[in-house]
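> Need a 3D model of the following:
(one chain, ligands or ions: 2)
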Amino acid sequence: MYLYNSLSHKKELFKPNHENIVKMYTCGPTVYHYAHIGNLRSYIMEDVLEKALRYSGYNVKRVMNITDVGHLASDADTGEDKMVKGAKRENKSVMDIAKFYTDAFFSDCEKLNIKRPDVVEPATNCIDEYIKIVSSLIDKGFAYFAGGNVYFDTSKLDQYYVFNDHNEDDLAVGVREGVEEDPNKRNKNDFVLWFTKSKFEDQALKWDSPWGVGYPGWHIECSGISIKHLGEDLDIHCGGIDNAFPHHTNEIAQSESYLGHKWCNYWFHVHHLNTDSGKMSKSKGEFLTVSLLEQKGYDPMVYRLFCLQSHYRRNLVFSWENLDNAAAAYEKLIAKIAALNGNGEEVDQTVFAQLKERFSKALDGDLNTSVAVTALYDVLKAKTNDATKLAALADFDQVLSLNLLSAADVIRKKQAEEEAASADPEIDALVAARTDEKKAKNFAEADRIRDELKSRGIEIIDTPQGAKWRKV
Ligand code: AMP
Ligand code: ZN
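Ligands and ions are numbered 1, 2, ... in the order given. From the prediction side, this is the model:
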């Protein structure tokens, strides 16, 4: 599989460090509010990446953190902790907020067929790991204590801006809210590893540490959790593009300084879901959730298809019109699948392999999901029997996860129920009687029966398979 690597700015042939196991890390949600559909775009595309890797034969171990402490209003370590802000907003405890929004996140993921990662670790579970890494960074001279906090000293690195196509202005994109000068920092980009002092004194969760009672910075959480569960080397690290700076840049700085060697080989960044007023974001207050889409009558699968129809490295613009187009496409697709009937047929393995090859090629070309979706239409148009088509669709849906066959089953059942509901033995008998009269050349009587049915709102349709009827 070729994947674009944000580190090298090139598409590279993907090769994991260890044969047959891919170690994958995903930055999880900050659970102070519902995930918006922009966040979920990132998680959908990361889910497809994981499934595509599995589809091509790899075992994947995927780890995700849950940020329940230390993510401040600005990604540049200033402002109030988002969790504390959320707790105040709802008059609840931080832990109650964390539990509620973690559950809400996984419920949204389930609706969107986003597989739960193998390991999900709340940041508050791994305080000892962070203390160990921060202590070692101080010992090695990469971190310093100032004004009550421990900072990473970015001047100690040969290269700090590892995703170096960014210029300073672009870098500010990741710094989501107003940045205040922190006089304790030796260098502009130094970042906090451990806080004991903040102007927001009511931080809810605090732990003992060698530097005083306090709490970890957001960036150290992902390094600590990844190293705890995946060891010293990582194959792929994922996240939304806004995480590239400062979050991922800082993760690399501290992890590699701590480990003394390269940490992660491939960086997979999903570009943003935008509205006409820019990036959808929680901090702006107004955002769309999966529940809201459902309330408006959209199947969550429609949103998944909407995301799959565009490449993960392009910004995607959300509008209701665009979503309606995806809804119409999904409905048509499922109706076509519902019309297939492979009963009693054998899968043509040669055609199946050809169809599969086209699909794999799309995924292997930097996860080109829009072409992979087109492969579904190629299946429907293919000159082969229905059993082969259904087998190919089921196979592709292991990666696309669009409920293709189960949604088609629902339609088939509905059609059968409608037919059963409209069954009427008396009308059936009259239609049969008319057929008999016609056969016996009693045309006047046959016409009389037809007129009687007509007066009751029933129309007879003569077909090569015999007479049928319908209500008009
Ligand atoms: P957060 O809960 O704010 O930490 O964000 C969770 C994930 O969603 C991160 O990987 C972000 O980079 C990503 N993200 C945030 N906003 C968007 C957006 N508008 N479109 C796509 N991904 C986003
Ligand atoms: Zn992270």
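> For the rest of this, base every contact and every neighbour count on C-alpha atoms.
Noted.
> all strands of the stretch 251-400 of the chain, in order?
264-270, 273-275, 278-279, 316-317 (DSSP state E, counting those that start in this stretch).
> List the buried residues in stretch 227-238.
Ile227, His229, Leu230, Glu232, Asp233, Leu234, Asp235, Ile236, His237, Cys238 (16 or more other CA atoms under 10 Å).
> hmm, I was thinking of stretch 211-231
Going by 16+ other CA under 10 Å, stretch 211-231 has these buried residues: 214-227, 229-230.
> Mean neighbour count and mean pLDDT added to the strands of the stretch 251-400 of the chain, as JSON lines?
Shown next, in JSON lines, are these (neighbours: other CA atoms under 10 Å; pLDDT from 0 to 100):
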{"stretch": "strand 264-270", "mean neighbour count": "22", "mean pLDDT": "98"}
{"stretch": "strand 273-275", "mean neighbour count": "18", "mean pLDDT": "93"}
{"stretch": "strand 278-279", "mean neighbour count": "14", "mean pLDDT": "84"}
{"stretch": "strand 316-317", "mean neighbour count": "17", "mean pLDDT": "96"}
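> Columns distance to Ala421 on top of the ones you listed, output as CSV?
Shown next, in CSV, are the strands of the stretch 251-400 of the chain (distance: least, CA to CA, whole Å):
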stretch, distance to Ala421
strand 264-270, 48
strand 273-275, 44
strand 278-279, 49
strand 316-317, 43
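> mind checking which of the ones you listed is nearest ligand 2?
Judged by CA to the ion, the one of the strands of the stretch 251-400 of the chain that comes nearest to ligand 2 is strand 264-270, at 11.8 Å.
> Which other helices and strands does that closest one contact?
strand 2-5, helix 37-55, strand 234-240 (3 or more CA pairs under 8 Å, 6 or more residues apart in numbering; DSSP states H and E).
> what comes into contact with the last one?
Where contact means CA atoms under 8 Å, 6 or more residues apart in numbering, the residues beyond strand 234-240 that reach it are 16-17, 22-27, 39, 42, 46, 226, 263-272.
> Any chance of a markdown table for the strands of the stretch 251-400 of the chain, columns distance to ligand 2?
As requested, those are exported to a markdown table (distance: least, CA to the ion, whole Å):
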| stretch | distance to ligand 2 |
| --- | --- |
| strand 264-270 | 12 |
| strand 273-275 | 19 |
| strand 278-279 | 19 |
| strand 316-317 | 22 |
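> so which of those strands gets nearest Tyr144?
Each of the strands of the stretch 251-400 of the chain has some distance to Tyr144 by CA to CA; the shortest is strand 264-270, at 24.9 Å.
> Check which strands are paired with that closest one and give the direction for each one.
strand 234-240 (parallel) (DSSP bridges).
> hmm, the helix or strand Asn65 falls within touching ligand 1?
For Asn65, the element it lies in under DSSP states H and E is strand 59-66. No. Counting by CA under 6 Å from any ligand atom, ligand 1 is not contacted by strand 59-66; separation bottoms out at 8.8 Å.
> tell me the angle that strand makes with helix 37-55.
160 degrees (axes from the mean of the first three to the mean of the last three CA atoms, to 10 degrees).
> which helices and strands does the helix or strand following strand 59-66 pack with?
Proceeding N to C from strand 59-66, the next assigned helix or strand is strand 72-74, under DSSP H and E. Counting contacts by 3+ CA pairs under 8 Å, 6+ apart, strand 72-74 is packed against strand 78-81.
> can you give me the helices for the stretch 101-250 of the chain?
For the stretch 101-250 of the chain, the helices defined by DSSP state H, counting those that start in this stretch occupy 127-139, 168-171, 218-230, 249-259.
> what do you get for the stretch 301-450 of the chain?
320-338, 349-364, 369-381, 386-400, 404-421, 425-439, 443-455.
> So the strand holding Asn65, near ligand 2 or not?
No. Judged by CA under 5 Å from the ion, strand 59-66 stays clear of ligand 2, getting no closer than 7.4 Å.
> bridging residues for Lys61?
On the basis of DSSP bridges, Lys61 is bridged to Lys23.
> Surely it and Val22 touch.
Yes. In this structure Lys61 lies within contact range of Val22 using CA atoms under 8 Å: 6.1 Å.
> more crowded one of the two?
Taking neighbours as other CA atoms under 10 Å, Lys61 and Val22 compare with Val22 leading, 22 against 16.
> List the residues that contact Asn274.
Gly38, Met280, Asn315, Leu316, Val317, Phe318.
> same for ligand 1: which of these are within range?
Okay, of the contacts of Asn274 touching ligand 1 (CA under 6 Å from any ligand atom), that's Gly38, Met280.
> re the thing from before, greatest separation within the buried residues of stretch 227-238: which pair is it?
So, those by CA to CA: farthest apart are Glu232 and Cys238, at 16.7 Å.
> burial count for Leu308?
Neighbours around Leu308, by other CA under 10 Å: 23.
> Point out the residues in the stretch 1-150 of the chain that sit beside ligand 1.
Residues of the stretch 1-150 of the chain lying near ligand 1 (CA under 6 Å from any ligand atom): Cys27, Gly28, Pro29, Thr30, Gly38, Asn39, Arg41, Ser42.
> quick one: least confident helix or strand in the chain?
helix 168-171 (a mean of 51; mean pLDDT, DSSP states H and E).
> so how far is Lys15 from the residue nearest to Asn17 when sequence neighbours are not counted?
Setting aside the residues directly before and after it, Asn17 is nearest to Asp235 in space (CA to CA, 6 or more residues apart in numbering), at 6.5 Å. Distance from Asp235 to Lys15, counting by CA to CA, to the nearest Å: 8 Å.
> got it, and Lys206?
Separation of Lys206 from Lys15 (CA to CA) stands at 41 Å.
> Same question for Ala123.
In terms of CA to CA, Ala123 sits 29 Å off from Lys15.
> Same question for Ser93.
44 Å.
> now Met280
34 Å.
> how about Asp424, phi and psi?
phi -150, psi 100 (degrees, to the nearest 10).
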